[in-house]
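In: give me coordinates for this.
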Amino acid sequence: MAQPQPRPGVMDIPLYIGGESKIKGVSRVIKLSSNEAALGPSPKAVAAYTDVQGVLSRYPVGDYPPLREAIGEVHGLDPARVICGCGSDEILNLVCRAYAGPGDEVIHTTHAFAIYEIYARSVGATPIAVAEKGITTDVDAILAAVTPNTKIVFLANPNNPTGTYIPKAELTRLRAGLREDIVLVVDGAYAEFCTAADYDSGLDLARETTNTVATRTFSKIYGIAALRVGWGTAAASIIGALERLRAPFNVSIPAQMAATAAVLDQEHIKKAQAHNTKWMGVAVQRLRGLGLTLRGNQANFVLPEFPASGPKTAAACDAFLRTKGIIVRRVDGYGLPNALRMSIGNDEETTALLDAVEAFMRQP
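Out: Okay, the predicted model is just below:
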């Protein structure tokens, strides 16, 4: 019998697979596979979420003024030039829907966040993966890959899953080297964790240019991943285009209220940053002390690289960690089969992870 058929190209879109959270037969799992907040959400965000249970029968205000105003206050932005979404993923999707289509090209780097390719393909555009240099974005390679068909360049800075970044000078050079009609999207999902003195999140470019979008998420350092909230900022012309494609009521009332309280509680964010900086230093020192290579340390995860063969491979380490109830992220799908992405957890979780990796590496 005849069946409905999806339009051409839909079944070629790769499925996005999130970090695992369960191990069969293990009741207490240490989940370090999704880069979730080690300290959890701000208590003020939890209280704000709880306080709105009496209005669950009401639709949210579609343009979420208190949340946009709070974001503007904290980041020095015009609230009218802020758009919120169901995670920053939705903002990335809206950019593709607004600015790319069949025959167009969307550039990203080889080891970039998998969702860029997925969203490019979803609008019929062609994703172009550009080689990196030392698993770090290569600005010259991106500029060389630009063609008359290029419409969007996605840049995760810091990048997931590598934890590497490009400094402000390179980010500025990238924007200057792109045609004015190309949208540069600077995905700053891990911006709050970056401690490098020469880092720039792209907010200045989004403020000062008419062709740059900077995005952020509440799923990482803010610790409300379950509520799915993200935001982006850009020129009024871009925000106007994205708003016309945004689904109505895309951010629920509980999510809006929790996110507003979370962004205003910068003391909690400072604690989370201090925790991450402390344990990042410990993790890098211990893992390198075991002979493992680590090249990026500017997010809330590490990416140790293991031998390609023999008893100490990434796959073998992953299997060993699972026997200890610890789940990390295999990154074979990102073209990094010899590495494991390991989130920085709380004190107990990170200690258990590092002890287990050491036990694995010191086995005969």
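In: pull the number of nearby residues for residue 23.
Out: For residue 23, the count of nearby residues is 18 (other C-beta atoms under 10 Å). Every C-beta, even on glycine, is put in place using the N, C-alpha and C of the backbone.
In: check which helix or strand covers it.
Out: When secondary structure is defined using DSSP states H and E, no element contains residue 23, which sits outside every helix and strand.
In: how far away is it from residue 342?
Out: Using C-beta to C-beta, to the nearest Å, one obtains 16 Å as the distance from residue 23 to residue 342.
In: so what touches the longest helix anywhere in the chain?
Out: Selection of the longest helix in the chain by residue count, based on DSSP state H, yields helix 266-289. Helix 266-289 is contacted by residues 37-39, 41-44, 74, 192-193, 195, 221-223, 262, 294, 297, 300, 302, 304, 342, 344, 346-347, 350, 354, 357-358 when judged by C-beta atoms under 8 Å, 6 or more residues apart in numbering.
In: give me the mean pLDDT for that helix.
Out: The average pLDDT within helix 266-289 is 98.
In: residue 216 sits in which helix or strand?
Out: Take DSSP H and E as the rule and residue 216 turns out to sit in strand 212-217.
In: please apply the same query to residue 162.
Out: Under DSSP H and E, no helix or strand contains residue 162.
In: do you know how far it is from residue 88?
Out: 18 Å.
In: also residue 239?
Out: 15 Å.
In: look at the two and report which has more neighbours.
Out: Taking other C-beta under 10 Å, residue 239 and residue 88 do not tie; residue 88 has more neighbours (26 against 20).
In: just give the closest residue to that one, not the sequence neighbours.
Out: residue 230 (3.0 Å; C-beta to C-beta, 6 or more residues apart in numbering).
In: surely that neighbour meets residue 93?
Out: No. In this structure, residue 230 is not within contact of residue 93 by C-beta atoms under 8 Å, at 10.7 Å.
In: so between those two, which is more surrounded?
Out: More crowded of residue 230 and residue 93, by other C-beta under 10 Å: residue 230, with 24 against 21.
In: partners of the more buried one in the sheet?
Out: Beta bridges link residue 230 to residue 85, residue 217 when assigned by DSSP bridges.
In: whichever strand or helix holds residue 185 to strand 212-217, inter-axis angle?
Out: According to DSSP H and E, residue 185 maps onto strand 183-187. Orientation check (axes from the mean of the first three to the mean of the last three C-alpha atoms, to 10 degrees): strand 183-187 against strand 212-217 gives 20 degrees.
In: tally of neighbours for residue 238?
Out: Residue 238, neighbours per other C-beta under 10 Å, totals 24.
In: the residue lying closest to it once chain neighbours are set aside: what's it in contact with?
Out: Sequence neighbours aside, residue 213 is the residue nearest to residue 238 in space, at 6.2 Å (criterion: C-beta to C-beta, 6+ apart). Taking C-beta under 8 Å, 6+ apart, we find residue 213 in contact with 91, 95, 183, 184, 185, 186, 206, 232, 233, 234, 238.
In: quick one: the helices in the stretch 201-350 of the chain?
Out: 203-208, 236-245, 253-264, 266-289, 314-323, 347-361 (DSSP state H, counting those that start in this stretch).
In: what strand or helix carries the residue nearest the centre of the chain?
Out: Nearest to the geometric centre of the chain sits residue 189, at 4.1 Å (C-alpha atoms, centre = their mean). Element membership for residue 189 (DSSP H and E) is empty, with no helix or strand holding it.
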